[in-house]
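Enquirer: Can you look at this prediction? I've put the sequence above it.
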Amino acid sequence: MTSLPSKDITLPKPVPETELSGWGHYPVVRGEERLGEDLEAITQGVVLTRGLGRSYGDASLPSRSGEAVAGSALADRILSFDADTGIVRAEAGFPLWRLNRLFLPRNWFTPVTPGTHFVTLGGMVAADVHGKMHHIDGCFGEHVTALRLRVADGRIVECSDTQDQDLFRATIGGMGLTGHILEVELRMKRIPSPWIFQETERCDSFDHLIDALKEAGKTWPFTVTWADFLNHGSRMGRGLLMKGRWADPSEAPKDLPRFRHPPTLPPIFPSWLGQPFLVRIFNRLVFAAIRPSRGILHPESCFYPLDIVHNWNNLYGRRGFTQYQCLLPDTPDHAAQHRLLDTLRRLRAPVFLAVIKDCGREGRGLLSFPKPGISYALDLPIDERTQSIVDTLNDVVVAEGGRIYLAKDAFTRADHFRSMESRLEAFQAVRRKWDPHGLLRSAQSVRLLGDRP
Amino acid sequence: MKIAFLGASKGMGRALARQLASRGAQLFLLGRDLEDLGRSAADLQLHGASGTVGFCTCDLLQPPTFGPALDQASAAMNGLDTVIVTAGIFATQEELEADPALTARLLTADFTNTVLFCEEARKRLLAAGGGTLCVFSSVAGERGRKPVILYGAAKAGLSRYLEGLDHKFRSQGLRTITVKPGFVKTGMTAGLKPPPFAGEPDAVARSVARAIERGSAEVYAPGIWRLIMLVIRNLPRGVMRRIGF
């Protein structure tokens, strides 16, 4: 028995190719996803690390068919927490839902959350996610204090705003293209209670919606709107405004929120349910059914309403969908916003769901998406028109001085992206310094940044 | 509960240890890599484990480490009432057929050494007046099946041993729990195509934690595998020869 090696009870196996895709089921690339608890081991020599695959397009996909990427989902341990400073450190695959469920009962919460909790901390850094609190708290990256990375030459480095700042800031919002994120350290936020107080308001026109959203942002820490863009008539852009804050201990229920395990949809939902006319009826019913309300709400119902069904993306059937998310600067007359609305109306774009949010200051990541203005997240089922719709919308975004969100994108053309992104050259310079041979890349970086496949 | 846990840093062991920690159990971790154990200890502490989560080295491939590791666990927690084993080796039938040394290693770790570890645990638990011994076997040991002949043989032997332990010692206060997971999505099975009914580690952990509370002798996880294996165990040999399951 002396021949028995004492290292590694779990033996590394060759991983067969599978079909990899993002949350939108489009595009699909054949490749290997190397999963394992030991992130340092599985990131060796691969071009990219992905988390839970919640980016919508091709950001988490290998640069070409047959290529391997690492998957961080099993590297999910929390490593330390300091109750004095609120600083948490965890492995990159640690999921947000676990962070929330561990810390809500202790009256701590993530400083920034996106609209789903099925994301990893590593993914939240790579996309520099934002959420309902952006107008106050900024992006997630603002609250990240340090990162542990495997850079392209194989070294493992710790970086922060005081140590290799260029690498740190390029990694925040850098879509995993600067190094494999191994560990994330961030500062949590203290909350008065684990419950939310929320008010819902109906807005009968687009102007009303935008004005109410901006007005609400002056006093409410969490704001977001859902708008109806399928109705192309005069009521296009009417919607619901949700305003929230943490409940005061005096008004919150005495018991802790209960956490449930979400149900799962069948792998692919019948696609006839995704017909625009059915969705239009559905939107109308929702708008008619939801009455103005105010009251105490479960924190997960406030921040993650769509996570009630685990894989709602299957609603869009086999062809999948894309979420086009862009940001347009705003003026008092909302002229840019109306030009976008007019374009959508002219295109008769089948926007199943539109989420509109006002954004505050620009993030500190070199490619962070938000900046002051209005952000639109538009769900579009994929069909033969999708590319031309995205192209036309991107023309508007370029003309208005806006930009798109890489975590959602699957269709933008490289020349459009370059026209929107004046910060691109600085980002590429950091990549050239830390990865001179261009090892780290993704399907998205091949499409948008001209990386080799 | 004062639990000595062999294999808590990965896969189903990680999920089960977290589940028990969140219920306030006291844990002591056994494994090979001290740095890795330290990270898991921190994780379990933050998931709610009582006291300080300690750890020491114990290698399933080195039987002389078994007794001293269990003694250290007992000393650190001031006693011991539960021992859990989730550690083991997995390899596909093709890999094992191609590599006799790997086969020897797997059979030794998953059968012989796991039994030797359980013997050390059994003695200590009985000396303390009883307790719970919870060991992860597999549905692979239920029937001679083409894709898991060698792995299944080791697990079949382990299941029989655990069954015998429970029959002999339950009256003396030692409850032996045999866990039989079906396909569960972990690092061990990463890269294999998940069959229908593939389980999640967290769901397995919840049902095993429940079984430990109740003292059930046998757990299939996910539960549907109890039915599947009932059918498989009763299929005629002529059918088993034809199907690939």
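Expert: Yep, it's here. Numbers count the residues shown, from 1 in each chain, chains lettered A, B, ... in the order given.
Enquirer: where in the stretch 101-250 of chain A is pLDDT low?
Expert: Counting by pLDDT under 70, the stretch 101-250 of chain A shows no low-confidence range.
Enquirer: for chain B, what are the nearby residues on it?
Expert: Selection of the stretch 101-250 of chain A residues close to chain B by C-beta under 8 Å from any C-beta of the partner chain yields A:Leu102. C-betas here are computed from N, CA, C, even on glycine.
Enquirer: Flag every residue of chain B that's near chain A.
Expert: So chain B meets chain A at B:9-11, B:14, B:32, B:36, B:39-40, B:42-43, B:46-47, B:59-62, B:87-92, B:95, B:101-102, B:105, B:108-109, B:186-188, B:190-191, B:193, B:202-203 (C-beta under 8 Å from any C-beta).
Enquirer: Any idea how far apart the tips of stretch A:408-418 sit?
Expert: Terminal residues of stretch A:408-418 lie 17 Å apart, using C-alpha to C-alpha, to the nearest Å.
Enquirer: Need the buried ones from the residues of chain B next to chain A selected in ChimeraX.
Expert: Command for ChimeraX that selects the buried part of the residues of chain B next to chain A, burial taken from 16 or more other C-beta atoms under 10 Å in any protein chain shown:
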select /B:9,10,11,14,32,36,39,40,42,43,46,47,59,60,61,87,88,89,90,91,92,95,102,105,108,109,186,187,188,190,191,202
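Enquirer: from the residues of chain B next to chain A, which ones fall inside helices?
Expert: B:11, B:14, B:36, B:39-40, B:42-43, B:46, B:95, B:101-102, B:105, B:202-203 (DSSP state H).
Enquirer: of all these, which comes closest to chain A?
Expert: B:Asp43 (3.9 Å; C-beta to the nearest C-beta).
Enquirer: Let me see the contact set for the closest one.
Expert: A:Arg77, A:Ile78, A:Leu79, B:Arg14, B:Arg18 (C-beta atoms under 8 Å, 6 or more residues apart in numbering or on different chains).
Enquirer: now the helices for chain B?
Expert: Going by DSSP H, chain B shows helices at B:11-22, B:34-46, B:66-77, B:93-98, B:100-107, B:114-127, B:149-169, B:201-214, B:224-234, B:237-242.
Enquirer: want to throw the contacts of B:Asp43 into a markdown table with distance to A:Cys302 and pLDDT?
Expert: What follows is the contacts of B:Asp43, written out as a markdown table (distance: C-beta to C-beta, whole Å; pLDDT from 0 to 100):
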| residue | distance to A:Cys302 | pLDDT |
| --- | --- | --- |
| A:Arg77 | 28 | 98 |
| A:Ile78 | 23 | 98 |
| A:Leu79 | 28 | 98 |
| B:Arg14 | 30 | 98 |
| B:Arg18 | 26 | 98 |
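Enquirer: How about the residue nearest to the spatial centre of chain A: what's its closest non-neighbour residue?
Expert: Compute the mean C-alpha point of chain A, and by C-alpha atoms, centre = their mean the closest residue is A:Val129, 5.2 Å away. Nearest residue to A:Val129, sequence neighbours excluded (C-beta to C-beta, 6 or more residues apart in numbering or on different chains): A:Pro114, at 4.0 Å.
Enquirer: same check, this time on A:Lys189
Expert: A:Pro111 (4.5 Å).
Enquirer: who's in contact with residue 141?
Expert: All of this is about chain A. Contacts of A:Gly141 (C-beta under 8 Å, 6+ apart): A:Val125, A:Asp128, A:Ile172, A:Gly173, A:Gly363, A:Arg364, A:Gly365, A:Ser368.
Enquirer: wrong one, I was asking about chain B
Expert: B:Gly152, B:Ala153, B:Ala154, B:Lys155, B:Ala156, B:Gly157, B:Leu158, B:Ser159, B:Lys180.
Enquirer: Report the residue spans of chain B with pLDDT below the cut-off.
Expert: Judged by pLDDT under 70, no stretch of chain B qualifies at all.
Enquirer: okay, which residue is most central for it?
Expert: For chain B, B:Phe136 is the residue whose C-alpha lies nearest the centre (C-alpha atoms, centre = their mean; 2.3 Å).
Enquirer: Count the neighbours of the nearest residue to B:Ala198 once chain neighbours are set aside for me.
Expert: Nearest non-adjacent residue to B:Ala198, counting by C-beta to C-beta, 6+ apart: B:Phe183, 4.6 Å away. B:Phe183 is flanked by 19 other residues according to other C-beta atoms under 10 Å in any protein chain shown.
Enquirer: B:Phe183 contacts B:Pro195, correct?
Expert: Yes - judged on C-beta atoms under 8 Å, B:Phe183 makes contact with B:Pro195 at a distance of 5.3 Å.
Enquirer: B:Leu106: neighbouring residues, count only.
Expert: 23.
Enquirer: Can you name the residues that contact it?
Expert: Going by C-beta under 8 Å, 6+ apart, B:Leu106 touches B:Ile89, B:Phe90, B:Ala91, B:Leu96, B:Leu150, B:Tyr151, B:Ala154.
Enquirer: Recalculate using a threshold of 6 Å.
Expert: Shown in contact with B:Leu106 (C-beta atoms under 6 Å, 6 or more residues apart in numbering or on different chains): B:Ile89, B:Ala91.
Enquirer: Same check on B:Arg233?
Expert: B:Glu142, B:Arg143.
Enquirer: Check B:Pro195 too.
Expert: Each residue near B:Pro195 by C-beta under 6 Å, 6+ apart is listed here: B:Phe183.
Enquirer: What does it show for phi and psi?
Expert: Main-chain torsions, B:Pro195, degrees, to the nearest 10: phi -80, psi 170.
Enquirer: Look up how far A:Ala399 lies from it.
Expert: If you measure B:Pro195 against A:Ala399 using C-beta to C-beta, to the nearest Å, the figure is 52 Å.
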